[in-house]
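Colleague: predicted model and sequence follow; I will ask about them next.
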Amino acid sequence: MGKDSKSKDSGSKGKGKQAAGGADENSSKGKGKGGKAADGLGTCTYVKARHILCEKQGKINEAYKKLDDGWLSNGDKVPPAEFAKVAQEYSECPSGKKGGDLGWFPRGKMAGPFQEVAFSTPVGATSAPFKSTHGYHIILSEGRKN
C-alpha cells in the first residue's frame, strides 16, 4: 500500500488532486483523458483487454485498417463487440475465438512490449499495431483496477 502513494508522486501533473486521500482508485477511473501520471495508467495493478495477434505484419495492418476505417479515423472508440468481430476474423491466437478476450491480468503476467502497451493504453482506446516476440498485436483496453 505504501508503494501506491509513492507511485502517484512520480508525476507532477494532477498531484494535488490525487494526494487528497485514499480515493485514488475512484479518481483514476474518471480521469483517463488527462496527463499520463494523473490518469492512473502507470499505477493500476490489473488490466482487462482484448487483442488481435497475427504472425505477419501485413495481416495485422489489414485488421487495423478495418478498425481504422470503421471507427478510429473518425475519432471514435472501437466498440468491444466490433473489436471482437475483427479479432475472430484476423487473430491467430486461441483467444481470437473468444473475440480476443484476455480477461483481467496482473502486471507482470505478460511479457515486454505487450505489457507496456496493455498498461499504457487508456480504457476504451485501441493501440496501434506493435511487435512482440509472439508476433504483431493490437490491444483494446477494457478496464483497469488495483
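Modeller: On my side now, so go ahead.
Colleague: residues in contact with the nearest residue in space to Glu55 that is not next to it in sequence?
Modeller: Across the structure, with C-beta to C-beta, 6 or more residues apart in numbering as the measure, the residue nearest Glu55 apart from its sequence neighbours is Gly135 (4.7 Å). For every residue, glycine as well, the C-beta is placed using N, CA and C. Taking C-beta atoms under 8 Å, 6 or more residues apart in numbering as the contact definition, Gly135 lies against Leu53, Cys54, Glu55, Lys56, Ile60, Glu92.
Colleague: run a quick neighbour tally on Tyr90.
Modeller: Taking other C-beta atoms under 10 Å as the criterion, the count of residues near Tyr90 is 20.
Colleague: nearest residue to it in space, please, no chain neighbours.
Modeller: With C-beta to C-beta, 6+ apart as the measure, Ala63 is the residue that lies nearest to Tyr90, at 3.9 Å, once sequence neighbours are left out.
Colleague: give me the three-state assignment for the one you found.
Modeller: Following DSSP: H, G, I helix; E, B strand; the rest coil, we place Ala63 in the helix state.
Colleague: just checking, it touches Phe83?
Modeller: No - in terms of C-beta atoms under 8 Å, Ala63 does not count as a neighbour of Phe83; the distance is 9.7 Å.
Colleague: settle it for me: which of those two has more neighbours?
Modeller: A side-by-side neighbour count of Ala63 and Phe83, using other C-beta under 10 Å, places Phe83 first with 26 against 22.
Colleague: which of the contacts of Gly135 sit farthest apart?
Modeller: The largest distance within the contacts of Gly135, taken as C-beta to C-beta, falls between Leu53 and Lys56 and amounts to 10.9 Å.
Colleague: backbone dihedrals for the closest residue to Gly70 other than its chain neighbours, please?
Modeller: Leaving aside its chain neighbours, Gly70 sits nearest to Glu82 (6.6 Å; criterion: C-beta to C-beta, 6+ apart). Its backbone dihedrals place Glu82 at phi -70, psi -40, with angles given as degrees, to the nearest 10.
Colleague: report the buried residues of the longest strand belonging to the chain.
Modeller: Of all the elements of type strand in the chain, the one with the most residues (DSSP state E) is strand 135-145. Buried positions in strand 135-145, judged by neighbour count with 16 or more other C-beta atoms under 10 Å: Gly135, Tyr136, His137, Ile138, Ile139, Leu140, Ser141, Glu142, Arg144.
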